[in-house]
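Peer 1: Structure for the following, please:
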Amino acid sequence: MEAGSCTPTKKIPNLDKMIQLPVKFQSNIMTRSEAINIQIRPTAAKIEFEDIEALYRKETSELPYNLFSCADIILGFMPKMSYVSYGRNYFPRGQNVADLGNGIQLWSGSVMAVKPGQWKLLVNIDEKHTAFYKEQSLKDFLNSIYPNRQKYNTGEMKKINDHLKGLQVQVTHNGHPRKHRVVALKEKPCNQHQMTDNKTGAKMSIADYFRTNKDITLQFPQLPCVQVEPKNRDIFLPVELCTIVEGQRCIRSLSEKQIADIIRTSAKRPDVKKRNIDGAAKKLIDSSYELANCYGLEVSDRPMKIKGRVLQAPSLTYGNGSVVASAGQWRGKRMKTSTSLSSWGLMSMATKDRFDPRKFKNDLAREGQNMGINFKDPVVVRYVDERSFLQTAAQIMTQHQDLQYMFVILPPNTNNNIYSMVKEMETIHGVITQCVRLDTYQKKFKPQTLGNILLKTNTKLGGINWELAYNMSPLANEMGRYVFGEPVMIVGADVTHWARDEGNKPSIAGVVCTLDRACSRYASRIRLQHHKRNRTSDEIIRDFKSIIKELLIEFRNTSKRKPGKILYYRDGVSQGQFIQTLTEEIAGIQAACKELEPEYQPKITYINAQKRHHTRLYCAEQRDADRSGNVPAGTVVDREITNPIHFDFYLNSHSGIQGTNRPCHYTVLWDDSDMSPDMIQLLTFYLCHTYARCSRSVSYPAPTYYAHLLCARARTMLSAMRIDWYNTRNPPNLSQIEQKLTQHKNLQNISYFV
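Peer 2: So this is what the prediction gives:
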């Protein structure tokens, strides 16, 4: 995008005077007109896109976000006239819609945003898939959630009102369309809910009011009514007269099935996805072209062609040899180090007629022998009922206090509550657990299925599945000596939040760190933190100093030395939060080091890893793509589409399985270890090969991935706790809840969350 002046070529006269705009409302029944007075006043501020040239001439080190926002407004103005839009997202009406059930639809559209490139402004366009409420009568919506129901219990009312609160509905019974915002669905039906007639002062039911005053006889008077805004006016409407307004996003929690349907629908092969994006880009930019030209902006609808590199894949050392991770995957061998399971147990929630523990034990032993884990006979095998699981588990732990490990067979369609019970048992008694779904074991049984289970098992027991070798290139040799020539602690951190309808639950911060050179053993910490009014601060880990200090002590106790370098990979921070997060968290690391020892100053590298972005990479020539049509694992781009100020790069570190790969966007925000850009990129790529759950490279470094898993596990356990998060008089004690989430002393310094 070429940028010029933001001053329009045609000036609007008399901006300092009142402008009166006539507005006409039409319906099938009547037409009425109103006049709206608008006063526009000029300001002293003047936005010039020419100021961006100062950025590219290196005359300033600050990104002009106000100019980017201005460009977004200009390019998005015309599309907003014809698309359903929110923010920078645009959805064509009635096109590319899929039904998700329960009155929810999946709309496919586009996201368009202006971002700085290395030499000029760029327009970033990608496909966007979002859940919307279906345009239908409110009665049909309720029926889609609870079919053929007229009354709802307390839990059902809460679920319904989580959706309805703030939702816009439209009625036409007054002769013209009128929109209202819902306050809540009421419990009593229309023929019982009493109201006061403002004209007569008489008390009557909602059904009687509409029959008397509106000449409308309700067809379903036994259904409840909804209260609409404003709250202080007690306005109630029968659900059969309300229609959900088109184009309203569903920002509530979706079911597991709905989420799976979204993933399946949005997963498209790279060639299909690119074709869709090219078509959407042409329509969006064509509609904005004339207005953009008025402001001196020249925009192309053709995708950029840039040069990328493919990094050399690492060699991985096993117990009986080594293997090169070709194309993001490899065939595993015997584990680097492993242990014997001499005291382990098996609990099954599946019934005897569906699960044979002897066959499972034999399958484990056979595959374990191939991989290097020696299984003795289990010391306990027990069929258990879901309702008495924790009680039975406590009895088993009392009888077998030397138990190392427990496999738990879960029935198909297991919910989070069952999983949470298993992990609660692990936390209380300090016995490592591994859940195995019965349908996964039986229907999808392959040696690889058990192999992946045993990879988790070995890691949780403190073994090393494989280890990186730094012998594939001179740069890899140099990196191995420079980075791992002294003790180095690699930290991963993530913060996860709840959906808006899930109460006033605290955010969950998870931090992990490596304890060995193989990047296999990890220590971890969890913190809960309530939101602040300023949502920008939500991503900041507020107790970061104490967390890092605890992890430094764990590292020193394990390796008998302090780390000379700290490499910190941070997940989930958007570009607008960089400065605040960097300032507070780097200060937290430095303060933790000084508290440990006043003169202790390790070298620190802070790298932000972003997966939530809309940049996609496609091979210009199909022969260069991998089998899935994606760019090869190890593809790195660090020019043209990158930031003009920070050192950043895009790295696709994994091979494609389903759909189009999303490369991870890395921004180096702090580095006093003086690593070269090539070394940082290669190290990041190598760390994507240390994820212990499968013999494939993953989409971003294992420490960051593990921090995400740690948060996800805490989130699942927190969901199962019966806590009143709305209680303001006696709010929940976060410290006590953290203690329930924190691991048993037997689980300290192992990767129990894998």
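
Peer 1: only C-alpha atoms for contact and neighbour calcs from this point on.
Peer 2: OK.

Peer 1: tell me the mean pLDDT for stretch 429-445?
Peer 2: Mean per-residue pLDDT for stretch 429-445: 84.

Peer 1: An error on my part: the question was meant for stretch 349-369.
Peer 2: The pLDDT scores in stretch 349-369 average 89.

Peer 1: From T704, how far off is Y470?
Peer 2: Distance, Y470 to T704, by C-alpha to C-alpha, to the nearest Å: 21 Å.

Peer 1: Looking at those two, which is more packed in?
Peer 2: T704 (28 against 18; other C-alpha atoms under 10 Å).

Peer 1: correct me, but that one touches D571?
Peer 2: Yes: here T704 reaches D571: they are 6.3 Å apart, a contact under C-alpha atoms under 8 Å.

Peer 1: now this protein, which segments are flagged as low pLDDT?
Peer 2: Scanning the chain for pLDDT under 70 picks out 1-21, 23-34, 38-40, 42-46, 444-445, 501-503, 531-537, 728, 743.

Peer 1: for G109, phi and psi?
Peer 2: phi -150, psi -140 (degrees, to the nearest 10).

Peer 1: change the start of the numbering to 825 and stick with it
Peer 2: Done: numbering now begins at 825, and the last item shifts to G933.

Peer 1: what about it, neighbour count?
Peer 2: Around G933 there are 24 residues (other C-alpha under 10 Å).

Peer 1: Excluding chain neighbours, give the residue nearest to it in space.
Peer 2: F915 (4.3 Å; C-alpha to C-alpha, 6 or more residues apart in numbering).

Peer 1: quick revisit: mind listing the shared neighbours of T1528 and D1395?
Peer 2: G1316, A1317, D1318 (C-alpha atoms under 8 Å, 6 or more residues apart in numbering).

Peer 1: Out of those, list just those in strands.
Peer 2: G1316, A1317, D1318 (DSSP state E).

Peer 1: mind listing what the second one touches?
Peer 2: In this case it means A1317. A1333, G1334, V1335, V1336, Y1392, Y1393, R1394, D1395, P1527, T1528, A1531, H1532.

Peer 1: V995 too?
Peer 2: Going by C-alpha under 8 Å, 6+ apart, the list of residues near V995 reads P1001, R1002, K1003, L1065, C1066, T1067.

Peer 1: what comes up buried for the top helix by length along the chain?
Peer 2: In the chain, with assignment by DSSP state H, the single longest helix is helix 1094-1118. Buried residues in helix 1094-1118, defined by neighbour count with 16 or more other C-alpha atoms under 10 Å: 1094-1095, 1097-1098, 1100-1102, 1104-1105, 1108-1113, 1115-1118.

Peer 1: who does that helix touch, helix- and strand-wise?
Peer 2: helix 889-906, strand 945-957 (3 or more C-alpha pairs under 8 Å, 6 or more residues apart in numbering; DSSP states H and E).

Peer 1: From R1351, how far off is the residue nearest to P1555 when sequence neighbours are not counted?
Peer 2: Once flanking residues are discounted, P1555 sits nearest to W1549: 6.9 Å by C-alpha to C-alpha, 6+ apart. Going from W1549 to R1351 by C-alpha to C-alpha gives 17 Å.

Peer 1: Equivalent analysis for V1522, please.
Peer 2: Computed with C-alpha to C-alpha, the distance linking V1522 and R1351 is 26 Å.

Peer 1: what does L1165 give?
Peer 2: Distance from L1165 to R1351, by C-alpha to C-alpha: 32 Å.
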